[in-house]
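Engineer: quick check, what structure comes out for this input:
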Amino acid sequence: MKEKVTIKIPRELYEKLKEIIQDTGFRSVNEFIVYAMRNIASGGNLKEKEDRLTEEEVRKVRERLRKLGYI
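Structural biologist: So this is what the prediction gives:
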C-alpha cells in the first residue's frame, strides 16, 4: 500500500462535494478528489491540460462535470 498524506479542505466544501457526488459513481469525496487531482497532475500543466486529453477523455470529464452540476 502506498503511503498517504492528509489534505485539509474547508468543511463547507467537503459537504458540498459530498452532495454533488451522489449518484455519480464516486464512492467518497476522497475518491473524487483523488480522481480530479490525478487528471490535473497527468497533464503536468493546467494551461495545457485539455490538449493532452483524448476526445473520449474530454467527453467523460464533461459528462462527469454535467452530473456534478458544474456544466
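
Engineer: so which strand or helix has Ile7?
Structural biologist: Ile7 belongs to no helix or strand when elements are defined using DSSP states H and E.

Engineer: got the phi and psi for it?
Structural biologist: Backbone torsions of Ile7, given as degrees, to the nearest 10, read phi -120, psi 130.

Engineer: look up how far Lys60 lies from it.
Structural biologist: 24 Å (Cβ to Cβ, to the nearest Å). From N, CA and C alone the C-beta is placed, and that goes for glycine too.

Engineer: same question for Thr54.
Structural biologist: Distance of Thr54 to Lys60, given as Cβ to Cβ: 9 Å.

Engineer: least trustworthy helix or strand in this protein by mean pLDDT?
Structural biologist: Taking mean pLDDT, DSSP states H and E as the measure, the chain has helix 55-68 as its least confident helix or strand, at a mean of 84.

Engineer: show me what it is packed up against.
Structural biologist: Here helix 55-68 touches no other helix or strand, going by 3 or more Cβ pairs under 8 Å, 6 or more residues apart in numbering; DSSP states H and E.

Engineer: and it, what's buried?
Structural biologist: Val61, Arg64, Lys67, Leu68 (16 or more other Cβ atoms under 10 Å).

Engineer: could you dump it to PDB, C-alpha only?
Structural biologist: In PDB, the C-alpha atoms belonging to helix 55-68 read as follows (Å, rounded to 0.1, in the frame of the first residue of the first chain):
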ATOM      1  CA  GLU A  55     -11.600  13.200 -27.300                       C
ATOM      2  CA  GLU A  56     -13.100  10.300 -25.300                       C
ATOM      3  CA  GLU A  57     -11.500  11.600 -22.100                       C
ATOM      4  CA  VAL A  58     -12.800  15.100 -22.700                       C
ATOM      5  CA  ARG A  59     -16.300  13.600 -23.200                       C
ATOM      6  CA  LYS A  60     -16.100  11.600 -20.000                       C
ATOM      7  CA  VAL A  61     -14.900  14.600 -18.000                       C
ATOM      8  CA  ARG A  62     -17.600  16.800 -19.400                       C
ATOM      9  CA  GLU A  63     -20.200  14.100 -18.700                       C
ATOM     10  CA  ARG A  64     -19.000  13.800 -15.100                       C
ATOM     11  CA  LEU A  65     -19.000  17.600 -14.700                       C
ATOM     12  CA  ARG A  66     -22.500  17.800 -16.000                       C
ATOM     13  CA  LYS A  67     -23.600  15.100 -13.500                       C
ATOM     14  CA  LEU A  68     -21.900  17.100 -10.800                       C
END
